[in-house]
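Student: kindly generate the corresponding structure for this input.
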Amino acid sequence: MTDMTTDNLATPIDARLIERARALRVSLWSIEPNGLRCVACMATDNAQQVLLQIVAGALTVRSGASSPSSPTTNDIIELVPGGLAMQLDEAAGKGSTARLLAVAITPVLLAGDAFDRACGSADLSTSAAVAALHAICKHDADHAREALTAFGWSHADLAGWREDESTINEFAERLGQAYEETNLWSRIGRTFNSSSEPQDVMRTACQQLHEAQTFGWIAMAFGDRPGVLRSLREQLIVSGTLPCESAALATLAQDFLRQCTDEASKRILTPRAKHPLALLTGAEVLAEPIIQNGEVVGVLLAGNRYGPDPDISSFETQFGTTAAKFVGVFHQNLFQLVQQKELFFGTVRALSASIDAKDPYTCGHSERVGLLAGMVGTALGLPPNEVEDLRVAGLLHDVGKIGVPEAVLTKPGKLTDEEFAQIKRHPVVSHAILKGIPGVEALLPAVLHHHESWSGTGYPHKLAGEQIPLAARVLAVCDTFDAMSSTRSYRRRLERAQVLDELRNQAGRQFWPDAVHAFLSLDLAAFDALLADHERCLPHAA
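Tutor: Below you'll find the predicted structure:
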């Protein structure tokens, strides 16, 4: 006796269902578009052919068609002459085209015209068919009905278990997605907390969002409004492969932003609605506004979703909403930080200007030293936050000169020992002024020690070599270079070649050699522009 395995079927059948069919001595058939298939049948191959002919003939007669079709009732039906049959639901759940027919055979089947015709169609003698089938005809009518009823319950139980299993699997999948999404927001949060430039941070976040979704591309477009960071205004940041020119997408994104006035403007843009962005990309586009203080500053765009279902679902829209809120919060925080930094630098420049007001010959000195210090820090490969600290320290390094008498600062001749002692106090005074200001703690070592010498002969503490804070070593080179390059009350500025030779000669003596080497690699065009402005403002220039 043979059975057809589920691997041979167009529609897989639960193996437990086949086992129960055998236990109840019920023959199980799959009615598929291409014909009948025996799923569980305990007869020989030839006897199966007889049963096939009987079942197919009964289905044809019932449907009035020339080929077998599914019965129209789920109840126990007297379908097979001499037996009973039951139609079951889809064999393999959602999307299946097959249906199952359970048949319980009784001895009455072995007599009658239907059986004789089936034997003839199967090219099998009636006596041989009776002998082959007699072993499985163990039911009378009542027992057959009970077997089919029990089999129906079994099928319903298994179907329920499959549905529960599907629900559990779906829940597990959603739980996994939630875990991955939580990790994603954590990664993006760390990205937003970095000290990188806003464009770089947004580009990294955009890439992370793209990797977590099934969109062909994800983009962030920012508008040209006062509430948008200057470095992001009218910028389009893209991750993935665009199906169009980025310039065209950027133009339409700005058009969309001009019409997008509040959070209610969020939508799925479709080609069917002839939205320009969707027509440009040839697919649905998810558009989520980026909000800051109730104002739209940008839009998160995602499109050309791939996979079995390219339509954007509620899951993607929820994801997009969360992502846009993350970006909006980060942009708002960064915008406020930029405002605070601008206020801080305004205060710093005001302090520097107070020194310049005392001595026009040092006008712009702190700004130029700050510029050079940042450039040297970059040449040394320092992290961006340390480069920024160097620039600010350069702006503030001489603020202590506010306590030096103006007559000493502007004296055209040589200073006395007492006067030079007053000048030498300015790093300590600068440190004392700044140490009470929150947020400038990292700058204090550079300000206090920028007149220390690599050889240990400097002031105020005669530190030597690597005892001197790195930022102070950099400031020492930049401060000296500007002092020699600019005109003072007591002398004209030195020639550039002479100044650079002095730096080379003092490397390893007065200055940290690495700082000198980095300085000599700089392009000094920006410094020269500031210096030219200074020279035009000197008293002798008139």
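Student: mind checking how far the strand ranked longest in the chain is from the chain centre?
Tutor: For the chain, the strand with the greatest residue count under DSSP state E is strand 295-305. Distance of strand 295-305 from its chain centroid, counting by Cα atoms, centre = their mean, to the nearest Å, is 14 Å.
Student: one more: stretch 29-45?
Tutor: 51 Å.
Student: avg pLDDT for whichever helix or strand comes after the longest strand of the chain?
Tutor: Going down the chain from strand 295-305, the next helix or strand is helix 314-358, by DSSP states H and E. Helix 314-358 carries an average pLDDT of 79.
Student: could you list the low-pLDDT ranges of the stretch 1-150 of the chain?
Tutor: 1-13, 33, 42-49, 55-83, 89-98, 109-111, 132, 135-137 (pLDDT under 70).
Student: which residues in it form strands?
Tutor: For the stretch 1-150 of the chain, the strands defined by DSSP state E, counting those that start in this stretch cover 27-32, 35-40, 76-77, 83-90, 99-105.
Student: return the set of buried residues in stretch 395-412.
Tutor: Applying a neighbour-count criterion of 16 or more other Cβ atoms under 10 Å, one finds L395, L396, H397, D398, V399, G400, K401, I402, V404, V408, L409, K411 buried in stretch 395-412. Backbone N, C-alpha and C define where each C-beta goes, glycine included.
Student: I meant to write stretch 465-474 there.
Tutor: Buried-residue list, stretch 465-474, by 16+ other Cβ under 10 Å: I468, P469, L470, A471, A472, R473, V474.
Student: adding secondary structure, pLDDT and distance to S27, write these out as TSV.
Tutor: Output for the buried residues of stretch 465-474, formatted as TSV (DSSP: H, G, I helix; E, B strand; the rest coil; pLDDT from 0 to 100; distance: Cβ to Cβ, whole Å):
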residue	secondary structure	pLDDT	distance to S27
I468	coil	96	95
P469	coil	96	91
L470	helix	96	88
A471	helix	96	89
A472	helix	96	94
R473	helix	97	93
V474	helix	97	91
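Student: related to what we said a few turns ago, okay if I get the strands of the stretch 1-150 of the chain as a markdown table plus distance to D479 and mean neighbour count?
Tutor: A markdown table is the format used below for the strands of the stretch 1-150 of the chain (distance: least, Cβ to Cβ, whole Å; neighbours: other Cβ atoms under 10 Å):
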| stretch | distance to D479 | mean neighbour count |
| --- | --- | --- |
| strand 27-32 | 89 | 24 |
| strand 35-40 | 91 | 20 |
| strand 76-77 | 101 | 17 |
| strand 83-90 | 84 | 20 |
| strand 99-105 | 90 | 24 |
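Student: which stretch among these comes nearest L334?
Tutor: Minimum separation from L334 across these (Cβ to Cβ) falls at strand 83-90, 55.2 Å.
Student: which of the buried residues of stretch 395-412 scores worst on pLDDT?
Tutor: Scoring the buried residues of stretch 395-412 by pLDDT puts L409 last, at 71.
Student: for E197, report the pLDDT, please.
Tutor: For E197, pLDDT reads 75.
Student: that one touches S231, doesn't it?
Tutor: Yes. The criterion here is Cβ atoms under 8 Å, and E197 meets it with S231 at 6.7 Å.
Student: that older thread, of all the strands of the stretch 1-150 of the chain, which one comes closest to S521?
Tutor: Here strand 83-90 is closest among the strands of the stretch 1-150 of the chain (Cβ to Cβ), at 75.1 Å.
Student: hang on, the earlier thing: pick the one among the buried residues of stretch 395-412 closest to G456.
Tutor: H397 (20.3 Å).
Student: I'd say that closest one and A446 touch.
Tutor: Yes. Here H397 reaches A446: they are 7.0 Å apart, a contact under Cβ under 8 Å.
Student: joint contacts of those two?
Tutor: L475 (Cβ atoms under 8 Å, 6 or more residues apart in numbering).
Student: contacts only, for the residue lying farthest from the centre of the chain.
Tutor: For the chain, the largest distance from the centre (Cα atoms, centre = their mean) belongs to S127, which lies 73.5 Å off. Counting by Cβ under 8 Å, 6+ apart, S127 touches no other residue.
Student: and it, how far is that from D113?
Tutor: 16 Å (Cβ to Cβ, to the nearest Å).
Student: counting contacts, what elements does the longest strand of the chain pack onto?
Tutor: In terms of contacts (3 or more Cβ pairs under 8 Å, 6 or more residues apart in numbering; DSSP states H and E), strand 295-305 is packed against strand 215-222, helix 246-259, helix 276-281, strand 285-292, helix 314-358.
Student: got a markdown table for the ones you listed, with mean neighbour count and distance to L390 too?
Tutor: Converted to a markdown table, these look like this (neighbours: other Cβ atoms under 10 Å; distance: least, Cβ to Cβ, whole Å):
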| stretch | mean neighbour count | distance to L390 |
| --- | --- | --- |
| strand 215-222 | 24 | 30 |
| helix 246-259 | 16 | 36 |
| helix 276-281 | 19 | 44 |
| strand 285-292 | 25 | 31 |
| helix 314-358 | 16 | 13 |
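Student: any chance of CSV for these, columns distance to Q53?
Tutor: Listed next are the helices and strands packed on strand 295-305 as CSV, based on distance: least, Cβ to Cβ, whole Å:
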stretch, distance to Q53
strand 215-222, 54
helix 246-259, 65
helix 276-281, 57
strand 285-292, 57
helix 314-358, 51
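Student: so which of these is nearest C119?
Tutor: When the helices and strands packed on strand 295-305 are compared (using Cβ to Cβ), the closest one is helix 314-358, at 58.2 Å.
Student: tell me which helix or strand comes right after that closest one.
Tutor: Trace forward from helix 314-358 with DSSP H and E and the next one is helix 365-379.
Student: contact partners of that following helix?
Tutor: 349, 352, 355-356, 386-388, 390-399, 471, 474-475, 477-479, 481-483, 486, 515, 518-519, 521-522, 526-527, 530-531, 534.
Student: in helices, which of those residues fall?
Tutor: Among the contacts of helix 365-379, DSSP state H puts 349, 352, 355-356, 386-388, 390-396, 471, 474-475, 477-479, 481-483, 515, 518-519, 526-527, 530-531, 534 in helices.
Student: for ChimeraX, what selects the buried ones among the residues you listed?
Tutor: Per 16+ other Cβ under 10 Å, the buried members of the ones in helices among the contacts of helix 365-379 correspond to this ChimeraX selection:
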select :352,355,356,386,387,388,390,391,392,393,394,395,396,471,474,475,477,478,479,481,482,515,518,519,527,530,531,534
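Student: need the helices for the stretch 101-250 of the chain, in chain order.
Tutor: 113-121, 126-134, 141-192, 198-211, 246-259 (DSSP state H, counting those that start in this stretch).
Student: comparing the ones you listed, which comes out most buried?
Tutor: Each of the helices of the stretch 101-250 of the chain was scored by mean neighbour count; the highest is helix 198-211, a mean of 19, by mean count of other Cβ atoms under 10 Å.
Student: what helices and strands are in contact with it?
Tutor: Checking 3+ Cβ pairs under 8 Å, 6+ apart, helix 198-211 ends up next to helix 141-192, strand 215-222, strand 236-240, helix 314-358.
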